[in-house]
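[1] Curious how this folds, go ahead:
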Amino acid sequence: MKNHSIVSIIILAVCLLVLPAVATTDVHIVRYAPDGTTVLTETTVNYTWMETNLPVLGDGKTHYYHQGPTFNESDLWDPAEYQNVESRDYGAVKGTAVRALCDLVGGMGPDDTLRVKAEDGFYKNFSYATVYGDDPRKGTIGLAWYVGEDSVTGDPQGSGYVPEYYDGIRLIFFADASTNPWGRHVFGDNDMKETLPEDEWHLYSGKWPSTSGLSVKQVSNLEIYTHNSAAGKEKVPATQAPLGIAVVLAALAAVCALRR
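    Numbers count the residues shown, from 1 in each chain. This is a model prediction of the structure:
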């Protein structure tokens with residue numbers, strides 16, 4: 001009977017691990033006081049409200065790309081954007097500018113930090129200059145809630161509006177097509193180097209530049225920390241899904257117990 005219970009725990013753990021993430025359909029936007037906990041103002045909007053009331057990024061026909069790690073010591077940043085780009089085709093998305101959403105709660109100041117957080121707790125922090133800057137290589141940072149055509153050369157994203165667009169609501173850099181000869185709208189690794197401060201770069205395994213690591217999926221929260229409060233300065237967690245690690249550890253413990 002004891003062994004049956006342990007096996008049940010293992011099966012449950014495995015099921016939890018393989019459950020697919022669910023697309024988000026609304027975003028909670030909050031602006032905190034310098035103490036990092038006191039709410040100054042907040043609101044929640046869904047994708048239909050965004051499409052109706054705010055300017056739309058993308059046309060549902062143009063594909064937008066990020067870039068993965070090059071794994072190439074001699075061409076780490078790849079200014080020509082020819083390595084590991086097609087695999088990061090994020091589809092023909094439409095979305096809403098993050099700065100327009102921030103403005104709903106009073107916007108950001110020059111010293112503020114924005115945290116873009118996913119449903120599973122994973123997040124990325126961005127400065128005022130990144131959110132409000134207009135460098136075309138970076139493009140406007142948006143939250144995509146629709147994909148008119150799924151990825152052709154990358155992983156499937158779903159199609160249509162969220163939740164059928166199951167990787168949405170997704171953070172996308174709506175970059176221009178100026179830095180590669182193929183006319184692709186790519187936010188490349190070298191674009192990240194040239195347009196974002198170093199503490200906002202995403203480095204896969206701590207070494208390899210990768211803008212795909214900035215494209216947070218299933219975004220649920222935009223959190224503005226005013227005056228770079230301590231909460232806003234926290235480092236990005238090492239894992240995207242803290243619950244997943246707990247489940248893995250539980251499963252390993254159960255396996256060890258079964259062997260005894």
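[2] Shouldn't residue 30 be within a helix?
    No - counting by DSSP: H, G, I helix; E, B strand; the rest coil, residue 30 falls outside a helix, being strand.
[3] Identify the residues contacting the residue lying closest to residue 134 once chain neighbours are set aside.
    Spatial nearest neighbour of residue 134, chain neighbours left out: residue 140 (7.5 Å); criterion: C-beta to C-beta, 6 or more residues apart in numbering. Where C-beta positions appear, they are placed from N, C-alpha and C, glycine not excepted. Taking C-beta atoms under 8 Å, 6 or more residues apart in numbering, we find residue 140 in contact with 57, 97-99, 134, 173-174.
[4] swap in residue 67?
    Listed by C-beta under 8 Å, 6+ apart, the contact set of residue 67 reads 78, 81, 83-85, 88, 186-189, 210-212.
[5] again, but for residue 109
    Residue 109 is in contact with 128, 226-227, counting by C-beta under 8 Å, 6+ apart.
[6] Out of these, which sit inside helices?
    residue 128 (DSSP state H).
[7] Which stretches in the stretch 51-200 of the chain count as strands?
    56-57, 64-65, 93-97, 113-118, 123-127, 140-147, 160-161, 170-174, 185-186 (DSSP state E, counting those that start in this stretch).
[8] could I get these as TSV with mean pLDDT and distance to residue 203?
    Formatted as TSV, the strands of the stretch 51-200 of the chain follow (pLDDT from 0 to 100; distance: least, C-beta to C-beta, whole Å):
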stretch	mean pLDDT	distance to residue 203
strand 56-57	98	27
strand 64-65	98	19
strand 93-97	98	25
strand 113-118	98	18
strand 123-127	98	13
strand 140-147	98	19
strand 160-161	98	33
strand 170-174	98	17
strand 185-186	98	18
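[9] what's the most buried one of the ones you listed?
    Ranked by mean neighbour count under mean count of other C-beta atoms under 10 Å, the strands of the stretch 51-200 of the chain are led by strand 64-65, which reaches a mean of 28.
[10] how far away is the residue nearest to residue 134 from residue 31?
    20 Å (C-beta to C-beta, to the nearest Å).
[11] Likewise for residue 37?
    Distance from residue 37 to residue 31, by C-beta to C-beta: 12 Å.
[12] can you check residue 41 too?
    5 Å.
[13] Common neighbours of those two, please.
    Shared contacts of residue 41 and residue 31 (C-beta under 8 Å, 6+ apart): 105-106.
[14] Neighbour count for these two, which is higher?
    The neighbour comparison of residue 41 against residue 31 (other C-beta atoms under 10 Å) goes to residue 31, with 23 against 12.
[15] Give me the pLDDT value at the more buried one.
    Note for residue 31: predicted pLDDT of 98.
[16] Would you check how far apart it and residue 113 are?
    Plainly put, residue 31 is 11 Å away from residue 113 if you go by C-beta to C-beta.
[17] check contacts around residue 148.
    Contact analysis of residue 148 by C-beta under 8 Å, 6+ apart lists 59-61, 91-94, 159.
[18] where does residue 152 sit relative to residue 145, distance-wise?
    Applying C-beta to C-beta, the value for residue 152 to residue 145 is 20 Å.
[19] For the protein, give me the ranges with low pLDDT.
    1-21, 228-260 (pLDDT under 70).
[20] Point to the residue nearest the middle of it.
    Per C-alpha atoms, centre = their mean, the C-alpha nearest to the average position across the chain is that of residue 216, at 0.9 Å.
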